[in-house]
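**Student:** Fold the following for me, if possible:
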Amino acid sequence: MLEPRHENSGDQKVLAQSDGKVLVTVRPVGSAGIRRYQADGSLDTGYAQNGTFVTPYFVRTMALQTDGKLIIAGSELGGKWLVQRLNPNGTLDTGFGVNGRVTSVFPDTSGRLSYGATPSDSVVQTDGKILVVGASAFEQVSGRYYNFSQRELALARYNSDGTPDVTFSGDGLLTDAFIRSSENYLNQPNAVAIQADGKILVGGLARVESSVEQERFDGGALVRYTPGGTRDPAFASGGVALFINNGPAPCAGIAAVALQQDGKILVAGPYSSGTLNNVYQACAHRLQPSGVQDTSFDPTPARTSSGQAILVQPDGRVLFGLHNMVRVWP
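**Tutor:** Numbers count the residues shown, from 1 in each chain. Below you'll find the predicted structure:
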């Protein structure tokens, strides 16, 4: 087991290296960063500074390159979107971006500039380009006051050296809304996956709100983009597959996305009864490559849980990670 430490881990991320060493995001008191453990669970004191690369922000996501370098991303104080890269020994790779740092500011679909952006997931493509997904918040002016509740999907693609990939959405940056109503919109992308053909899947929370509280609907949304950064109209309905909490494919949000070898798409997240005494359970669905639900896949939901992660085994079995247990479905 990893050696115990008393700390507020929050939404901790874990990555296993090919040599068996394990990278973990940590939030010790007064700082945060990346810690590496040996395969036997002991702290790898040769990594970074005595086993930990300390950051002035919470690391929200990390992704390994084939050369062993590590992409990390989070939000600095003030909400600035920040991506960095570490060498295999845990030192900062100063050849990435400017002195090892890349920052991005997203315009929303109405042209306003972001007042803060938070990465949530990342992946390194087979060509070495780096995708980072998250949410960007925008102001809504009402007299002298600001409403920071408006959020949109934020997706950035960088070249392997950290420069923006201008072949993606024109400038390397994309903002989009899962669902938009006349009253408000709120989006929280949580997961990104790359298909074999280079198309990009982003899953998360979509919420439609009206001025009447009873008319608010939470659900999951899965959006597919072309490699160039436009919605793929051939996927589901206009590029978006929805899993509305009270609909035929119930889900209160998508937390994880994974691909099977046959191209089918797996999603997992939470589901709630929607009553005053909510009964939470995990939701899990499988889609055909076209975005149509695969009704032959119908796992028994795990009550008092929430789907958080998916792993497809080489034998085709699927592991779903829950907040309080793990179940295996064939």
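**Student:** Does Ile136 lie in a helix or a strand, and which?
**Tutor:** I think there's a mix-up here, since residue 136 is Ser and not Ile. Here Ser136, judged by DSSP states H and E, is contained in strand 130-138.
**Student:** And for Phe96?
**Tutor:** Counting by DSSP H and E, Phe96 is found in no helix or strand.
**Student:** where does it land on pLDDT?
**Tutor:** We have a pLDDT of 98 for Phe96.
**Student:** which residue sits closest to it in space, ignoring its chain neighbours?
**Tutor:** Arg85 (3.9 Å; CB to CB, 6 or more residues apart in numbering). Where C-beta positions appear, they are placed from N, C-alpha and C, glycine not excepted.
**Student:** for that neighbour, which residues make a bridge with it?
**Tutor:** On the basis of DSSP bridges, Arg85 takes part in beta bridges with Ile71.
**Student:** residues near it, how many?
**Tutor:** Neighbour count of Arg85, defined by other CB atoms under 10 Å: 25.
**Student:** wait, isn't it in contact with Gly162?
**Tutor:** Yes: counting by CB atoms under 8 Å, Arg85 touches Gly162, with 7.1 Å between them.
**Student:** what is in contact with these two at once?
**Tutor:** Each of 96-97 lies in contact with both Arg85 and Gly162 under the rule CB atoms under 8 Å, 6 or more residues apart in numbering.
**Student:** Which parts of the protein are helices?
**Tutor:** Counting by DSSP state H, the chain has no helices to list.
**Student:** So, low pLDDT: which residues of it?
**Tutor:** Residues of the chain meeting the criterion pLDDT under 70: 1-11, 28-31, 108-115, 138-150, 178-186, 207-218, 245-249, 272-280, 300-305, 323-330.
**Student:** give me the number of residues near Phe235?
**Tutor:** So Phe235, with other CB under 10 Å, has 23 neighbours.
**Student:** what's the answer for Ala206, then?
**Tutor:** 28.
**Student:** Could you do Ala177 as well?
**Tutor:** 18.
**Student:** Equivalent analysis for Ala282, please.
**Tutor:** Ala282 is flanked by 27 other residues according to other CB under 10 Å.
**Student:** tell me the contacts of the nearest residue to it once chain neighbours are set aside?
**Tutor:** Among residues not flanking Ala282 along the chain, Gly307 sits closest, at 4.0 Å (CB to CB, 6+ apart). Contacts for Gly307 (CB under 8 Å, 6+ apart) come out as 255-256, 268-270, 282-284, 320-322.
**Student:** Apply 10 Å and report the result again.
**Tutor:** By CB atoms under 10 Å, 6 or more residues apart in numbering, the contact set of Gly307 is 220, 251, 253-256, 266-271, 281-285, 299, 301, 320-323, 327.
**Student:** How about Ala39?
**Tutor:** 16-17, 19-22.
**Student:** Buried among the residues you listed? Need that as a selection in PyMOL.
**Tutor:** With 16 or more other CB atoms under 10 Å as the burial test, the buried ones among the contacts of Ala39 are selected in PyMOL as follows:
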select buried, resi 21+22
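**Student:** JSON lines for the contacts of Ala39, including distance to Gly238?
**Tutor:** Output for the contacts of Ala39, formatted as JSON lines (distance: CB to CB, whole Å):
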{"residue": "Ala16", "distance to Gly238": "37"}
{"residue": "Gln17", "distance to Gly238": "40"}
{"residue": "Asp19", "distance to Gly238": "44"}
{"residue": "Gly20", "distance to Gly238": "44"}
{"residue": "Lys21", "distance to Gly238": "43"}
{"residue": "Val22", "distance to Gly238": "40"}
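**Student:** contacting residues around Ser120?
**Tutor:** By CB under 10 Å, 6+ apart, the contact set of Ser120 is 11, 60-61, 73-74, 132-135, 154, 188-192, 202, 204, 255.
**Student:** Out of those, which end up buried?
**Tutor:** By neighbour count, with 16+ other CB under 10 Å, the contacts of Ser120 hold 60-61, 73-74, 132-135, 154, 188-192, 202, 204, 255 as buried.
**Student:** Just the ones of those residues in strands?
**Tutor:** 60-61, 73-74, 132-135, 154, 188-192, 202, 204 (DSSP state E).
**Student:** From what I see, Thr45 and Gln38 are in contact.
**Tutor:** Yes: the pair Thr45 / Gln38 is scored as a contact, 9.3 Å apart, by CB atoms under 10 Å.
**Student:** Counting neighbours, go ahead and name the busier of these two.
**Tutor:** Of the pair Thr45 and Gln38, Gln38 is the one with more neighbours under other CB under 10 Å, namely 18 against 12.
**Student:** wait, isn't the more buried one in contact with Ala16?
**Tutor:** No: using CB under 10 Å, Gln38 makes no contact with Ala16, being 12.0 Å away.
**Student:** Mutual contacts of the two, please.
**Tutor:** Val22.
**Student:** And for Cys251, the neighbour number?
**Tutor:** There are 29 residues near Cys251, going by other CB under 10 Å.
**Student:** Which residues are in contact with it?
**Tutor:** Residues near Cys251 by CB under 10 Å, 6+ apart: 203, 205, 218-222, 242-245, 267-272, 282-285, 307.
**Student:** Gln125 now?
**Tutor:** 131, 157, 160, 165, 194, 198, 200, 227.
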